[in-house]
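> Pasted the sequence and its predicted model underneath.
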Amino acid sequence: MSILSSTTWKALGSPSLLPEMRNLTGFDKGTNRPLGILPNVPITLRRKTVQMNMMVVQGPLDYNLLLG
């Protein structure tokens, strides 16, 4: 799963999210309820752009975006 922090999502203008019913389980076995899915986010790596769905989670992360 690719994850986007809510802080970054807000910086993007808080675009509409699709509902997400699954919880995330972290490495520490804690669970987190995502805010939703941000669909079709364009990601460019080495001059190739792909559309990815990003799960938006509450609060800041150590990184703005985690690609999964």
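In hand now; what should we look at? Computed from a predicted model, the values in this text were never measured in an experiment.

> ranges for the strands of the chain?
Using DSSP state E, the strands of the chain run over residues 3-5, 24-25, 31-32, 36-45, 48-57, 65-66.

> Would you single out the least confident of the ones you listed?
Ranked by mean pLDDT, the strands of the chain end with strand 65-66 at the bottom, a mean of 74.

> Who does that strand pair with, and is each partner parallel or antiparallel?
Paired strands of strand 65-66, with direction, are strand 3-5 (antiparallel) (DSSP bridges).

> that older thread, as JSON lines, the strands of the chain with mean neighbour count and distance to residue 13 would be great.
All C-beta atoms are positioned from the backbone trio N, CA, C, and that covers glycine. JSON lines is the format used below for the strands of the chain (neighbours: other CB atoms under 10 Å; distance: least, CB to CB, whole Å):
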{"stretch": "strand 3-5", "mean neighbour count": "21", "distance to residue 13": "13"}
{"stretch": "strand 24-25", "mean neighbour count": "12", "distance to residue 13": "24"}
{"stretch": "strand 31-32", "mean neighbour count": "11", "distance to residue 13": "23"}
{"stretch": "strand 36-45", "mean neighbour count": "13", "distance to residue 13": "11"}
{"stretch": "strand 48-57", "mean neighbour count": "16", "distance to residue 13": "13"}
{"stretch": "strand 65-66", "mean neighbour count": "14", "distance to residue 13": "16"}
